[in-house]
Each structure stands twice: as C-alpha cells, then as structure tokens.
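S.K.: What would the 3D arrangement of this be:
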Amino acid sequence: MKYRMIEHRLDSVAIEQIAFIDERSVNWAAARSVTYVVHQHIRYTYPGPIADLRQRLMIAPRGEHGGQRRIIERLDIYPQLPTQTQSDVFGNDVIAMSAPRIEYGLDFEYWAIVEREAAERVHHEPRSVLDMPSFHQESVLTRADAALREAAEHLRPQAEDPLDLAYAINRFVFAHMTYAFGATDVFTTAAAAFRIGKGVCQDYAHIMIAIARHCGLAARYVSGHLLGEGGTHAWVEILVPDGDGARVVGFDPTHDRTVTMKYIVVAVGRDYADVAPTSGVFTAAYSGELTVRKRVGVTDVRYAA
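M.R.: Model prediction:
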C-alpha cells in the first residue's frame, strides 16, 4: 500500500512507499494548503577510523515560518549517537552530536512532513527581527567592494519604496549573473562572484544581500528546498517595517521572482556560513567523502471550497 502521508506518519516508512503527487498536476493558484515530505540521506565514509568527531546538521525545516509549519520529523543515525537539538540566534534548529571514535562511516537519514498554507503568504515577524544588526551589517561573504557599492548607488534612486527597490535589485542580479555550476565554491564571496558574473544560487543570494544592505535594506540569507530542483536552494528575504512589526518578503534572484508555495525554508542567517547543512571536525590522517541524496515532494493538496 502506498502512503499518502495524510495521517502524518513517519514510522518505518521508506521513500519508495510514498505516493507523491506530480507537481505539474497541482493547481497552485487555487491550492489552500500543500503537504510535503522532505527526505535526505547523508553519508560520510572514511578510509579508516576517525576520532574526536564533532558534527553539526542544519537540515530540519523551520518549525514555524510564515505559512510554513513542520508537522513531524524523524532522524535515524548509524551508528547510533546521542544528539542535542538547539536553537541558534536566528531561530534555526541545529542538531549537534559527538563521538570519541567512528570506524568507517556515518549515515544520517532525515524525514519531515511540512505544510504550507496559502492564506498566510503575507509573512510578518516581530520588529526586533527587523532591527537585528546581523541583517544590516556586512558579513564575510557579503562584504561589498567598490563594484558592488557602485551597483547599489545606481539602483538606490530607482525606487523610493523599499520593496520596489528589492524587486529592482532582484532583477539586476538575475540579469548580471550567469548560472554556472563549478565556477564558485562555498567560500566564494559576493564580490568575487559579481566580478566574474557567474555562480550558483548561493552566489546570487550573496550578491543581492550585499547590494540590499548597502542600500539600507534589512536582508537575510535563506537555505531551503525548491520543489523540482535537486540540491539545496538559496534565496533572500527582505524585511521592511509594517506597523509595529516587520513584513518579510522572499526573493529568488536565481529565477528573478518572489518565492511561492513551492519553497520550503530550512534556515536563515547572515550568509551561507550561518546555515551550512553539514559541518564538523574530526581527528584522522585522511579526509572523508560526503554523499547526499534528497527527495522533496507533494503528498497532499487541499483546494479552496
């Protein structure tokens, strides 16, 4: 029997058992709520034993984020290790673990059921989030050089409304950049990617953040999943004043659009370094090899009456 996952079950289920719905058959304009299953299998393999492992995972979709809610989750680890889940300064779930010795490998299998509600597409957060210095100040990966500052000064007069300015920056980054896998890496700064005009979603996001912050906008990096894409995706959230709070609007400069119900947020931060899905250290005379498999799909859609 194929699981529709409507009952929010994750016990003893395999990815092959889940009845995913073809996203192309979904009437997204009429959808009232959508249920997703997120599945990731992360494997580290080593040539021999390693010692003093300290590992961190940031792979759990945010429990509450606008219209997004994480309903249930499950993490299996082999060999079994004790874990601690903590919330970082940005409200992300960080799973931490350690082990004195690992023989030859480490496997993580993570499951989550996530729901998104169309009625909550307007995303508000407390004013304190808007005022966080982290979203206004330059970070290591988003520091603006002369070229990025020149771009910001060119774009700033084009719109008085902060969201109109964000749209202009989004379009500018999309037009300036060419998507090229392998042209950059996770250490590439916004300035370096802007200079060569090539990169991946991480670079597009860093460049937009660098320009937006120089223009006086509060901007944060978002790591998550985009339905229909294989790897982890990155985009930007702009925060603007709205009454006593802040309105949050997601922009995807890689695709020149605002975010839709097809996006699932995992973590937010100043830049990629704050939200890396996996990170860790260990003691050994050799390095390990990382492989990741991921599946994100729709399992239920409810339409407006």
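S.K.: Please count neighbours and contacts with C-alpha atoms only from this point.
M.R.: OK.
S.K.: Which segments of this protein make up each domain?
M.R.: Here the domain parsing of the chain from automatic domain parsing is 15-119+277-303, 124-260.
S.K.: since we're on the residue nearest to Ile264 when sequence neighbours are not counted, how many residues are nearby?
M.R.: Of all residues not flanking Ile264 in the chain, His225 sits nearest, at 5.1 Å (C-alpha to C-alpha, 6 or more residues apart in numbering). A total of 23 residues lie near His225 under the criterion other C-alpha atoms under 10 Å.
S.K.: just the one 10 residues further on next, same as before
M.R.: Here the number of neighbours of Trp235 (other C-alpha under 10 Å) works out to 30.
S.K.: Asp107 too?
M.R.: Asp107 - counted by other C-alpha under 10 Å - has 18 other residues nearby.
S.K.: for the spatially closest residue to it that is not a sequence neighbour, which residues make a bridge with it?
M.R.: Distance criterion C-alpha to C-alpha, 6+ apart; nearest residue to Asp107, sequence neighbours excluded, is Arg43 at 4.5 Å. Per DSSP bridges, the residues bridged to Arg43 are Asp107, Thr291.
S.K.: What separation do you get for Arg43 and Glu64?
M.R.: 28 Å (C-alpha to C-alpha, to the nearest Å).
S.K.: which phi and psi does the residue nearest the centre of the chain have?
M.R.: For the chain, the residue nearest the mean C-alpha position is Ser223 (1.3 Å; C-alpha atoms, centre = their mean). Phi and psi for Ser223, reported as degrees, to the nearest 10, are phi -110, psi 140.
S.K.: Flag every buried residue along stretch 273-293.
M.R.: Asp274, Val275, Ala276, Pro277, Phe282 (16 or more other C-alpha atoms under 10 Å).
S.K.: same thing with stretch 139-153?
M.R.: For stretch 139-153, burial by neighbour count (16+ other C-alpha under 10 Å) applies to Ser139, Leu141, Thr142, Arg143, Ala144, Leu148, Arg149, Ala151, Ala152.
S.K.: now do stretch 86-100
M.R.: Quick answer for stretch 86-100 (16+ other C-alpha under 10 Å): Asn92, Asp93, Val94, Ile95, Ala96, Met97, Ser98.
S.K.: on that earlier part again, Arg43 and Glu64: which has the busier surroundings?
M.R.: Just comparing Arg43 and Glu64: by other C-alpha under 10 Å the higher neighbour count belongs to Arg43, 18 against 15.
S.K.: mean confidence for the helix or strand Asp203 falls within?
M.R.: Using DSSP states H and E, Asp203 falls within helix 201-214. For helix 201-214, mean pLDDT rounds to 98.
S.K.: How far away from the center of its chain is it?
M.R.: How far helix 201-214 lies from its chain's middle: 14 Å, per C-alpha atoms, centre = their mean, to the nearest Å.
S.K.: Quick one: low-confidence residue ranges for the chain.
M.R.: Low-confidence segments of the chain, defined by pLDDT under 70: 1-13, 16, 120-121.
S.K.: Break down it into its helices, ranges please.
M.R.: Per DSSP state H, the chain carries helices over the ranges 127-130, 146-155, 162-176, 190-196, 201-214, 272-275.
S.K.: Tell me which of those helices sits nearest to Val38.
M.R.: When these are compared by C-alpha to C-alpha, helix 272-275 sits nearest Val38, at 17.5 Å.
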